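**Student:** The following comprises the amino acid sequence and a computationally predicted model.
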Amino acid sequence: MPDGLASQLGPTPHFTWTELGAEKGSPESVREALTQLCVHVLEPLRAALGQALYVSSGYRTPEHNADVGGAKRSQHTLGEAVDVWTKGLSSRALAAKLLASGVPFDQVIWYGGDDEHVHVSWRVDPRGQVLRKWGTGYRAQRP
């Protein structure tokens, strides 16, 4: 299969390895974690919303994570987290719809202001933690 076509395939019908940040050569553990995130969170959320979700940040190598100012123990570096957005919804509204949908998750971080993306993660023993980015830190707050 040509490399260009392989990068368009993904773990589930609506998410590609490229947009998830796990192109050819990514660790198998990262691909497995991203597959679980897509199966348990992203595909069910997309179905509940009835519209496309877009990944703005997926898997990050530790070096890339440091370059973008990510948390030192970011779930992005394990393939357990992505930042997503959808047309017509603020970060707060998207987080509220996720919570109302009943879709399981490990962590949701929503942002104020004009920011449209929401951080969502999945792991085997999900915490169901909801946080709001507040200044340089985070606080527990439902949208």
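**Tutor:** Looks like it arrived, so ask away. Quick caveat: nothing in here was measured; it's all calculated off a predicted structure.
**Student:** ok, residues contacting stretch 126-138?
**Tutor:** For stretch 126-138, contacts defined as CB atoms under 8 Å, 6 or more residues apart in numbering pick out 95, 99, 104-112, 115, 139-143. Glycine gets a C-beta too; all of them are placed from N, C-alpha and C.
**Student:** got the buried residues for that stretch?
**Tutor:** Across stretch 126-138, burial judged by 16 or more other CB atoms under 10 Å covers 130-133.
**Student:** got it, and stretch 73-92?
**Tutor:** For stretch 73-92, using 16+ other CB under 10 Å, the buried residues are 74-86, 89-92.
**Student:** Now go through those and say which are in helices.
**Tutor:** Within the buried residues of stretch 73-92, residues falling in helices by DSSP state H are 91-92.
**Student:** Report the beta-bridge partner residues of the residue most central in space within the chain.
**Tutor:** With distances taken as CA atoms, centre = their mean, Val82 lies nearest the centre of the chain, 2.1 Å away. According to DSSP bridges, the residues that bridge with Val82 are Val120.
**Student:** Look up how far Leu42 lies from it.
**Tutor:** 7 Å (CB to CB, to the nearest Å).
**Student:** overlap in contacts of these two?
**Tutor:** Common contacts of Val82 and Leu42, defined by CB under 8 Å, 6+ apart, comprise Val120.
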